[in-house]
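J.: What follows is a protein structure lacking sequence information:
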């Protein structure tokens, strides 16, 4: 059924559940796993609180450390389940586009992501990366809540 599964993670506890679910599925069907984390690039005129107080160098260092920690935690989940996973960290202005492009480029046949469970007006205005991937991907997306 599935041969190559991309699991997107942001290091949150909800993403950890998606990593666990996706790697269990991969083990059950004998698929390979690519663990992906995507960080937004530094913007000089940023409105995000985490970028307002940072210089480009300190922001890059912070993002690199977060990505390493995120991918190590996800890899540990996969190891405990008994699945070998490759990891990839990317920077992009639009993380959802990077997720889709990576899945297409790696010939993945499933994308697994967590949903942060926002509903109603909040979901409409905030527009999660998961919703954007769901809206734009031609590859099936499994959303773990």
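T.: Everything's here; your move. Note that the structure is a prediction, hence the values are computed from the model and not measured. Numbering: from 1, shown residues only.
J.: All the strands of this protein, in order from the start?
T.: 4-8, 32-40, 85-92, 110-114, 141-144 (DSSP state E).
J.: Please give the centre-to-centre distance between the fourth one and its chain.
T.: This means strand 110-114. 8 Å (CA atoms, centre = their mean, to the nearest Å).
J.: Give me the residues contacting that strand.
T.: Applying CB atoms under 8 Å, 6 or more residues apart in numbering, the contact partners of strand 110-114 are 2, 4-10, 12, 14-15, 17-19, 21-22, 25, 31, 99-100, 103, 129-130, 133, 137, 139-145. To be clear about C-beta, it is placed using only N, CA and C from the backbone, and glycine gets the same treatment.
J.: now those residues: which count as buried?
T.: Buried residues within the contacts of strand 110-114, defined by neighbour count using 16 or more other CB atoms under 10 Å: 2, 4-10, 14-15, 18-19, 21-22, 25, 31, 99-100, 103, 129-130, 133, 137, 139, 141, 143-144.
J.: Could you report the separation of the closest residue to residue 15 other than its chain neighbours from residue 17?
T.: The shortest distance from residue 15 to any non-neighbouring residue, by CB to CB, 6 or more residues apart in numbering, is to residue 9 (4.1 Å). Per CB to CB, to the nearest Å, residue 9 is found 10 Å from residue 17.
J.: Ok, residue 115 next?
T.: Here residue 115 is placed at a distance of 10 Å from residue 17 (CB to CB).
J.: Pull up the overlap in contacts between these two.
T.: Residues touching both residue 115 and residue 17 (CB under 8 Å, 6+ apart): residue 144.
J.: if we can go back for a sec, the strands of the chain: which one's closest to residue 58?
T.: Of all the strands of the chain, strand 32-40 sits nearest to residue 58, with 13.8 Å by CB to CB.
J.: Give me the contact list for the closest one.
T.: Identification of contacts with strand 32-40 by CB under 8 Å, 6+ apart yields 3-11, 19, 22-23, 26, 48, 63, 66-67, 70-71, 74-75, 78, 83-93, 95, 98-99, 102, 106, 108.
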